[in-house]
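> Next comes the sequence, and after it the predicted model I'd like to discuss.
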Amino acid sequence: MTRFEKTVLQIIPRLDAGGAERTTLEIAEAVVRAGGRALVATEGGRLEEAIKNAGGEIFRTRAASKNPVTVWANVGLVAEIVRREKVDIIHARSRAPAWSALWAARRTGVPFVTTYHGAYNAAGSFKRLYNSSMLRGDRVIANSHFTADRILAQGGVDPARLTVIPRGVDLGLFDPHKVSPSRLEKLTRGWGIGENSGFRLLLPARLTPWKGHETAIAAVAKLKAGAPTGQGAALSLVFCGGARDKPDFECRLRAKVNERGVRDMVHLVGDCADMSAAYAWADAVLAPSTRPEAFGRVAVEAGAMGKPVIASDHGGARETVIDGETGFLVAPGDVNALAGAIERLRAMPAEARAMMGEKAHARAASVYSSAAMCDATLGVYRALLAGRA
């Protein structure tokens, strides 16, 4: 790896388990490996210790706040960090802290980078203004071509400042050969799922309405209704992800599971500390979001683990899933289409399903590796600093 002996300050609201948070960790690791310093301004979260263990440094700020008074107060805090720690690059990964980072960058004269991790809703003039903090970077990174097209459609950014760097997957972490039987046994014991779970489906996503959990429940119920008597439980669906700030939605999902008569088939297991093992457990992975995903890391993580994916036919999934080769794309929110794709995968010979998984793995390794994402991001930093020099 080419040396990069610079100090990078990333700013993100929290360090939980989402794609932006995981990317923050991976870039911190890459900066440290290259000989630089990796600083993160945040309110903290589950990945805080991982960043520290990688050699990164945490600076506590109220980065998650959207209150204009707090955002303005954060400008001084960020500028002070920049001056005291001799920061060379500021990199913002969310809209509210991007405003603080932007003004701190202008105050200190330090280059400013943003990354679009989401396909932000731009309805209304106030929302467009709020989103525009992400357009004001000296370099703007989009995590997919879908995201880049959305950015350009909004206007306000010179295409020369825009770079597409797909979200990466850690091929060392998501390696099917590293998941031992004991890890799988520990996982399923914790989930309370026995060995005779039938065809195994995993939907890894936080519990929020647009991730498609209700569509998946309805699809499983449809498959159960069409199965011969006594064979309805020959399929298991695991919802792997926490409710976070939406406990009412979790209650709604549990009620739906009971109403549809699939309590023996659908399992809500909360957050998972061993996602590699979770993917290894599954025969196939679902990503049935009803709203377009800007990228959708589930598809590439599942692909790296050699698992076919059934995803909604919109957003970043059209780039990460090759329909009929690495998985299937179905109409968003279409219960019949999702049930049909699940049945199609379940009916496949094991060898054909394994071949689809192998193609998914090859694509993840060649196009979506974390190493490639990190190298490209450090390349943006180097080019920006060279231009300033």
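Looks like it came in fine. Residues are numbered from 1 along each chain as shown.
> domains for this structure, by residue range?
Using automatic domain parsing, the domains assigned to the chain come out as 7-168+369-388, 176-367.
> Can you get me the centre-to-centre distance for the longest one and its chain?
Read it as domain 176-367. 15 Å (Cα atoms, centre = their mean, to the nearest Å).
> That one spans what distance, first to last residue?
Terminal residues of domain 176-367 lie 18 Å apart, using Cα to Cα, to the nearest Å.
> again, but for stretch 240-256
End residues of stretch 240-256 are separated by 17 Å (Cα to Cα).
> I'd like to check what contacts that stretch. Which residues are they?
16, 202-209, 211, 213-214, 217, 239, 268-272, 275, 278 (Cβ atoms under 8 Å, 6 or more residues apart in numbering). All C-beta spots, glycine's among them, are computed from the backbone N, C-alpha and C.
> Recalculate using a threshold of 6 Å.
Identification of contacts with stretch 240-256 by Cβ atoms under 6 Å, 6 or more residues apart in numbering yields 204-208, 213, 217, 269-272, 278.
> quick one: which of the residues you listed has the most company?
His213 (29 neighbours; other Cβ atoms under 10 Å).
> Who are the contact partners of it?
Taking Cβ under 6 Å, 6+ apart, we find His213 in contact with 239, 253.
> Output the domains of the chain as CSV; include the columns mean pLDDT.
Listed next are these as CSV, based on pLDDT from 0 to 100:
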stretch, mean pLDDT
domain 7-168+369-388, 92
domain 176-367, 93
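> coming back round to it: filter the contacts of stretch 240-256 down to just the ones in strands.
Mapping the contacts of stretch 240-256 onto strands (DSSP state E) picks out 204, 269-270.
> Is it correct that Thr163 falls within a helix?
No. Looking at Thr163 with DSSP: H, G, I helix; E, B strand; the rest coil, it is strand, so not inside a helix.
> nearest residue to it other than its sequence neighbours?
Ile141 (5.3 Å; Cβ to Cβ, 6 or more residues apart in numbering).
> How about Thr326?
Sequence neighbours aside, Ala360 is the residue nearest to Thr326 in space, at 3.9 Å (criterion: Cβ to Cβ, 6+ apart).
> thinking the one you found is in contact with Glu325, fair?
No. Using Cβ atoms under 6 Å as the test, Ala360 is too far from Glu325 to be in contact (8.2 Å).
> These two - which one has more neighbours?
Neighbour comparison, Ala360 and Glu325: the larger count goes to Ala360, with 27 against 13 (by other Cβ under 10 Å).
> where's that one, which helix or strand?
Using DSSP states H and E, Ala360 maps to helix 350-367.
> what about Leu15, how many neighbours?
Leu15 is flanked by 24 other residues according to other Cβ under 10 Å.
> separation between it and Pro181?
Leu15 is 32 Å from Pro181, where distance means Cβ to Cβ, to the nearest Å.
> before we move on, what about Asp264?
25 Å.
> Likewise for Ile51?
The gap separating Ile51 from Pro181 is 31 Å, by Cβ to Cβ.
> same check, this time on Leu187
The gap separating Leu187 from Pro181 is 11 Å, by Cβ to Cβ.
> Name the residue in those two with the higher neighbour count.
Legend: neighbour count by other Cβ under 10 Å for Leu187 and Pro181, higher for Leu187 (23 against 8).
> tell me the helices in the stretch 1-150 of the chain, going along the chain?
19-33, 48-53, 68-85, 95-108, 125-131, 145-154 (DSSP state H, counting those that start in this stretch).
> Present those helices as JSON lines; the columns should include distance to Ala371 and mean neighbour count.
Shown next, in JSON lines, are the helices of the stretch 1-150 of the chain (distance: least, Cβ to Cβ, whole Å; neighbours: other Cβ atoms under 10 Å):
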{"stretch": "helix 19-33", "distance to Ala371": "8", "mean neighbour count": "23"}
{"stretch": "helix 48-53", "distance to Ala371": "18", "mean neighbour count": "16"}
{"stretch": "helix 68-85", "distance to Ala371": "27", "mean neighbour count": "16"}
{"stretch": "helix 95-108", "distance to Ala371": "26", "mean neighbour count": "23"}
{"stretch": "helix 125-131", "distance to Ala371": "30", "mean neighbour count": "13"}
{"stretch": "helix 145-154", "distance to Ala371": "20", "mean neighbour count": "18"}
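> Identify whichever of the ones you listed lies nearest to Pro176.
Closest approach to Pro176 among the helices of the stretch 1-150 of the chain is made by helix 19-33 (19.0 Å; Cβ to Cβ).
> Let's have the contacts of stretch 240-256 in CSV, adding distance to Met356.
Below are the contacts of stretch 240-256 laid out as CSV (distance: Cβ to Cβ, whole Å):
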residue, distance to Met356
Pro204, 19
Ala205, 21
Arg206, 27
Leu207, 28
Thr208, 28
His213, 24
Ile217, 25
Val269, 25
Gly270, 29
Asp271, 28
Cys272, 24
Ala278, 19
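> Between the ones in strands among the contacts of stretch 240-256, which sits nearest Asp375?
Pro204 (26.5 Å).
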